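Undergrad: Fold the following.
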Amino acid sequence: FVSIYHADDIYEKDIAVKEIEFLTNNPNTGAVFSMGKIIDRNDKIIGAHKLPKELRSKNIYVFNDIFKNILQHGNTFLLTPTFMARKNIFDAIGSFTNEGQFGTSADLDMWLRILGKYNIGILHENLIRRRENGQGNSYNSLRTDRADFFKVMDHHLTDENNIAKFV
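TA: Okay, the predicted model is just below:
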């Protein structure tokens, strides 16, 4: 199994156990994420990530489920620091795309490429307290370039294999 953990976030002690258990119990699922709370630099809870209501009735998803909700809600629920995958999926889909192509959204491209070949799971539990760096709003309000998110979405919207999943 491969996980991505961030040094400044706080993880529940059983996140790895729960995600390994989920992947073990769901052999056709390539990766799993969880939900989490948002904390400030003083560890105070200031919010929580929420799963879109359209996704709350199950915990295993296909490309179409996730892609439609990302188009509608943005990438607000596939939390990179909660990601865990089977090691062998990287043999099938490769590594992260060069950041030059998708910048800060290279992780979203990876999640969509995984979904192109595997189901993913989302645990409906807050297994992380993700630290908000306090720069998100100022960065977004000052940017002059197109958001990296749109580069990824445009790339996957022009992929004929992905378009076929919507038909």
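Undergrad: Where does pLDDT dip in the protein?
TA: Applying pLDDT under 70 to the chain flags the ranges 98-100, 133-152, 159-167.
Undergrad: just so I have it, where are all the helices in it?
TA: Secondary structure of the chain, counting by DSSP state H: helices at 15-25, 63-73, 89-93, 99-102, 106-115, 136-142, 148-157, 160-166.
Undergrad: Mind giving me the packing neighbours of the second one?
TA: Here helix 63-73 is seen to pack against helix 106-115, helix 148-157, helix 160-166 when contacts are counted using 3 or more C-beta pairs under 8 Å, 6 or more residues apart in numbering; DSSP states H and E. Yep, even glycine has a C-beta here, placed from its N, CA and C like the rest.
Undergrad: buried ones in stretch 101-116?
TA: The neighbour-count check on stretch 101-116 (16 or more other C-beta atoms under 10 Å) flags 102, 105-116 as buried.
Undergrad: next one: stretch 81-101
TA: For stretch 81-101, the neighbour count (16+ other C-beta under 10 Å) marks 81-86, 89, 93, 97 as buried.
Undergrad: same thing with stretch 71-78?
TA: Neighbour counts over stretch 71-78 (16+ other C-beta under 10 Å) mark 75, 77-78 as buried.
Undergrad: The residue nearest the centre of the chain: what's it in contact with?
TA: Closest to where the C-alpha atoms of the chain average out (C-alpha atoms, centre = their mean) is residue 78, at 2.5 Å. Residue 78 is in contact with 33, 66, 70, 107-108, 111, 122, counting by C-beta atoms under 8 Å, 6 or more residues apart in numbering.
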